[in-house]
Structure formats: C-alpha cells, structure tokens
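>>> Sharing a model that was predicted from the sequence below.
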Amino acid sequence: MNPREPRCSSGPVLSPCIKICRMDAATGWCVGCQRTLAEISGWFVMRDDQKRVVLADLPRRRQVADHTRPPGP
C-alpha cells in the first residue's frame with residue numbers, strides 16, 4: 001500500500017490487511033501486511049495519524065522482510 005494514495009492521506013484510514021495472516025518469527029511482522037501483533041490488534045482504536053505512521057513504514061518493512069525470508073520454491 002502506497003501511503004501517498006488518497007485513501008491513506010485523508011479521511012478514515014483503511015486497514016492494510018490482505019487476509020494473509022501469519023506472523024514471521026524473524027521480523028515479528030505479519031507476512032501479509034507487515035504489521036506487528038500490537039498494531040493489528042489495536043488498529044481500530046488507533047488514531048488516524050498513528051495509522052498513517054504505520055502505513056508509511058510498511059514499504060520499508062516489506063523490503064526488510066523480503067531480504068530476511070529464504071527464497072521460495
């Protein structure tokens with residue numbers, strides 16, 4: 001998800017969940033959305049500005065996660 005998308009920069013902030021819910025032990029992030037368990041469980045009580053901070057960091061987390069996972073088959 002690009003944090004510059006209109007749905008990320010104004011109005012209610014949507015969840016980045018893509019329904020691939022599995023935690024990566026190496027990073028501590030969900031394999032699908034790259035959020036921590038605390039971010040996932042607290043998403044609906046977080047303020048929109050807090051959500052935008054998380055969303056803005058997801059591309060970096062995705063890049064880190066891609067380099068920590070072993071290559072697929």
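Thanks, I have it. Numbering: from 1, shown residues only.
>>> where does the protein have low pLDDT?
Low-confidence regions of the chain, defined here as pLDDT under 70, cover residues 1-10, 69-73.
>>> Determine the longest helix present in it.
Among all segments of the chain classified by DSSP state H, the helix with the greatest residue count is helix 48-68.
>>> for it, packing partners?
helix 6-9 (3 or more Cβ pairs under 8 Å, 6 or more residues apart in numbering; DSSP states H and E). Heads up, the C-betas are built off the backbone N, CA and C, glycines and all.
>>> so how far is the helix or strand just after the helix it packs on off the chain centroid?
Using DSSP states H and E, the next helix or strand after helix 6-9 towards the C-terminus is helix 37-42. With Cα atoms, centre = their mean, to the nearest Å as the basis, helix 37-42 stands 10 Å off its chain's centre.
>>> got a list of contacts for helix 37-42?
Helix 37-42 is contacted from outside by 17, 23, 28, 30, 33, 46, 54, using Cβ atoms under 8 Å, 6 or more residues apart in numbering.
>>> who's in contact with the third one?
Contact partners of Gly28, counting by Cβ under 8 Å, 6+ apart, are 36-37.
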